[in-house]
Each structure stands twice: as structure tokens, then as C-alpha cells.
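Visitor: Just a sequence and a predicted model for now, questions to come.
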Amino acid sequence: MIELDGLTKHFGSKVAVDHLSFQVRPGMVTGFLGPNGAGKSTTMRMMLDLDNPTSGNVRIDGKRYRELDEPLKYIGALLDAKAMHGGRSAYNNLLCLAQANRIPTARVDQVLDVVGLTPVARKKSKGFSLGMGQRLGIASALLGDPEILMFDEPVNGLDPEGIHWIRNLMKSLASEGRTIFVSSHLMSEMALTADHLIVIGQGKLLADTSMADFIHENSRSFVRLRSPQRERLREVLRESGLTAVEAGSGTVEIDGATTEELGELAARHQITLHELSSQRASLEEAFMQMTAGSVEYHAHGTSHAGPPSDQQPGPQWGQSYQSDKGA
Ligand SMILES: Nc1ncnc2c1ncn2[C@@H]1O[C@H](COP(=O)(O)OP(=O)(O)OP(=O)(O)O)[C@@H](O)[C@H]1O
């Protein structure tokens with residue numbers, strides 16, 4: 001269990017983390033979400049005692065990180081996959097870490113096997129692809145067989161097979177009763193992986209909730225209509241006090257009415273419908289709505305908080321969003 005109590009970090013006048021209090025519980029995967037610059041990495045660094053809080057504190061199983069006897073046996077982390085010594089082989093990188101932390105040497109081969117790097121164990125890690133580097137970073141996090149694991153953007157650089165692998169790894173580690181805390185920009189990925197969500201924006205806690213409740217409470221439900229008599233449909237909706245939002249591909253979306261009401265309304269006015277469907281906004285949309293006021297960098301054309309016209313999964317949004325950072 002990880003407990004944050006009023007955790008705060010200032011960089012000069014910049015408040016990167018603002019009185020964060022939450023718990024990360026064992027036996028589940030907790031997703032840590034927030035737009036770029038929200039303070040996720042800074043929070044994780046303070047959890048590992050790599051940065052000093054301005055105020056507040058973090059407890060790991062009731063203790064401060066620096067009070068842990070052999071920290072790698074309590075908490076393993078993947079923060080920066082490039083942190084490894086490039087001139088050393090994967091095996092030697094892990095061996096040094098094992099020796100420095102009084103972890104049995106045999107564990108090195110075990111974790112190399114878990115992450116699938118046994119065939120390249122003797123190769124220098126500087127020649128590794130981003131995905132292999134991520135796997136090596138994950139191996140180092142697993143080395144002490146810790147009860148708590150923290151991953152900062154672990155799917156970065158992984159191909160679909162690698163993403164599938166890490167998703168299953170995190171779930172299986174959680175099912176063993178471990179505490180798994182993972183940050184990601186890939187909302188669709190979180191939907192498939194996390195049981196619980198912590199959402200932050202501009203360093204502040206925006207949500208601490210189960211995944212199911214997050215979607216239920218934050219996603220907008222609406223009805224999608226498509227008709228060959230589009231103008232007539234719009235007119236009838238307007239007369240009924242309903243606002244139709246154009247949603248592309250000849251569809252309109254309506255809030256505040258059920259499919260039954262809209263179907264009957266169309267029938268009364270003899271309007272043919274080619275589509276009448278109840279929709280619920282996805283996790284990406286719920287997340288965008290929640291954090292809309294706290295993003296530092298907006299991608300062109302995606303700064304509105306409303307749902308996009310189609311129901312595409314998150315990576316599209318994540319990619320355009322990230323690619324705009326620093327533009
Ligand atoms: N060493 C530092 N000095 C000054 N400002 C910093 C420092 N580290 C982080 N920041 C600022 O603090 C804020 C939070 O940064 P942080 O990297 O924790 O966010 P993040 O949620 O991890 O973002 P990303 O998803 O882009 O990695 C940002 O505005 C960032 O520019």
C-alpha cells in the first residue's frame with residue numbers, strides 16, 4: 001500500500017504537485033492519468049524519494065522510502081528506461097543492481113526470462129530498441145520481487161505484442177496481491193488494464209475512483225440519429241426544444257432525450273431513420289472532459305471538451321495531443 005498525504009512540490013513559482021492525498025491499494029492495477037505536465041512523473045519521483053516534497057509525505061507500507069531496509073524488495077519502479085548503463089550487457093546491468101541490493105544472483109536469470117530478454121542477455125544494452133530497453137527496465141523493477149510496482153508510461157516504444165504482454169504482466173502481478181501503480185497517456189490501454197483510477201490535472205487530484213464508476217459518472221450519454229430527411233429531422237428536433245449536434249457521416253447527436261422518445265418523435269412526423277442508437281462516451285472522452293480545464297498543451301482542433309464525432313479509441317487522441325507538446 002502506498003499512501004500520499006498532502007504531497008506538494010514547487011519548482012520555483014511552478015506548483016507541479018498540489019496537495020495530493022490518495023492511497024494505492026494492493027491486489028489491483030491503479031492507473032495514474034493526467035495530461036502532459038499534470039505532475040505524474042514528479043509524484044512518482046517523490047514516491048521513490050528521488051525528489052524532496054515541498055510539503056506533505058509518502059508512506060510505503062507505513063514507512064518513508066528512506067526508512068525501508070532494502071527498498072528494492074518493497075518497491076520496484078520503471079521510471080526512465082534509458083537509465084541503464086549502456087556499456088554493460090543486460091545481464092550485467094541487472095547483476096550490479098542485484099549485488100548492490102543483496103538480491104540473489106539467480107534472480108537475474110529469472111527476471112530476464114520473465115521479460116523475454118534471455119536470448120540477448122549478454123548484449124550491451126546501448127544497442128537495445130526502445131521496447132527492449134523498456135523490458136530491461138521492467139526486469140530491474142521485478143528484481144527484488146517487490147510487493148509494490150510502479151511503472152511510468154510502460155508501453156512507450158512497445159509493439160502491439162509487447163503492449164499485450166505488459167498488460168497481462170501487470171494484471172497477473174496484481175492478481176498475486178501486489179500493488180501496481182501505472183501511468184499512461186493511452187486511455188484505451190488504461191481501460192483494458194486498470195481496475196482503479198487516479199486522475200490529476202495541474203498537480204491536483206481530479207478523481208480517485210474505480211474504472212467502472214469513472215466511466216459511469218463522467219461519460220455523457222446521448223442518442224445518435226441518421227436520416228435521409230436530415231433537414232426535416234433537424235427542424236422537428238428544434239421545434240421540440242432539442243439541440244442536434246452534427247457528428248459527421250450524416251449523423252446528429254442529441255442530449256436529453258431517450259431513443260424511445262426520439263423514435264416516437266420521428267414516427268409522428270413520418271421521418272425515416274437509418275440509425276437510432278444510444279451512445280455512451282468512452283474513457284478518452286470522460287478523461288478529456290474532466291481534465292479540459294487543466295491541460296498545458298492543446299492539440300489543434302482538440303481543445304473542446306465535448307466528444308469527438310466518431311468513437312475512435314484513445315491512441316489517436318493521445319498521439320495528436322502528445323505530438324503538439326512543445327510546438
Ligand atoms: N526539474 C524541474 N524543474 C522545473 N519544472 C519542472 C521540473 N520537473 C517538472 N517540472 C514541471 O512540473 C510540471 C509537472 O511535470 P511532470 O513531468 O511531473 O508531469 P507529467 O504529468 O509527468 O507530464 P508528462 O506526461 O508530460 O511526462 C510540468 O509543468 C513540468 O514542466
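Guide: Sure thing, it's come through. Residues are numbered from 1 along each chain as shown.
Visitor: going forward, measure contacts and count neighbours with C-alpha atoms only.
Guide: Will do.
Visitor: Please, where are all the helices along the stretch 151-300 of the chain?
Guide: Remark: helices assigned in the stretch 151-300 of the chain by DSSP state H, counting those that start in this stretch are 160-175, 187-193, 211-218, 230-239, 259-268, 283-291.
Visitor: Among the ones you listed, which comes closest to K204?
Guide: When the helices of the stretch 151-300 of the chain are compared by Cα to Cα, helix 283-291 sits nearest K204, at 10.4 Å.
Visitor: Report whether the closest one contacts the ligand.
Guide: No: if you take Cα under 6 Å from any ligand atom as the test, helix 283-291 misses the ligand, and the best it gets is 12.0 Å.
Visitor: Can you check what angle separates that helix from helix 211-218?
Guide: Orientation of helix 283-291 against helix 211-218 (axes from the mean of the first three to the mean of the last three Cα atoms, to 10 degrees) gives an angle of 60 degrees.
Visitor: What is helix 283-291 packed up against?
Guide: Here helix 283-291 touches helix 187-193, helix 211-218, going by 3 or more Cα pairs under 8 Å, 6 or more residues apart in numbering; DSSP states H and E.
Visitor: Averaged pLDDT, it. What do you get?
Guide: Across helix 283-291, pLDDT averages out at 78.
Visitor: follow-up on the earlier one: which of the helices and strands packed on helix 283-291 sits closest to the ligand?
Guide: helix 187-193 (12.7 Å; Cα to the nearest ligand atom).
Visitor: quick revisit: deepest-packed of the helices of the stretch 151-300 of the chain, please.
Guide: helix 283-291 (a mean of 22; mean count of other Cα atoms under 10 Å).
Visitor: Dump the helices of the stretch 151-300 of the chain into JSON lines; add distance to R122 as well.
Guide: JSON lines is the format used below for these (distance: least, Cα to Cα, whole Å):
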{"stretch": "helix 160-175", "distance to R122": "21"}
{"stretch": "helix 187-193", "distance to R122": "32"}
{"stretch": "helix 211-218", "distance to R122": "41"}
{"stretch": "helix 230-239", "distance to R122": "65"}
{"stretch": "helix 259-268", "distance to R122": "62"}
{"stretch": "helix 283-291", "distance to R122": "41"}
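Visitor: So what are the sheet partners of the host helix or strand of L4 and their directions?
Guide: L4 is part of strand 2-11 when elements are defined by DSSP states H and E. If you go by DSSP bridges, strand 2-11 pairs up with strand 14-24 (antiparallel), strand 55-60 (antiparallel).
Visitor: Reformat the ones you listed as TSV; add mean neighbour count and distance to E176.
Guide: Converted to TSV, the strands paired with strand 2-11 look like this (neighbours: other Cα atoms under 10 Å; distance: least, Cα to Cα, whole Å):
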stretch	mean neighbour count	distance to E176
strand 14-24	19	16
strand 55-60	19	18
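Visitor: Quick check: which of those is nearest to the ligand?
Guide: Shortest distance between the ligand and the strands paired with strand 2-11, using Cα to the nearest ligand atom, is found for strand 14-24: 4.1 Å.
Visitor: how far does the closest one sit from the chain's center?
Guide: Strand 14-24 sits 17 Å away from the centroid of its parent chain (Cα atoms, centre = their mean, to the nearest Å).
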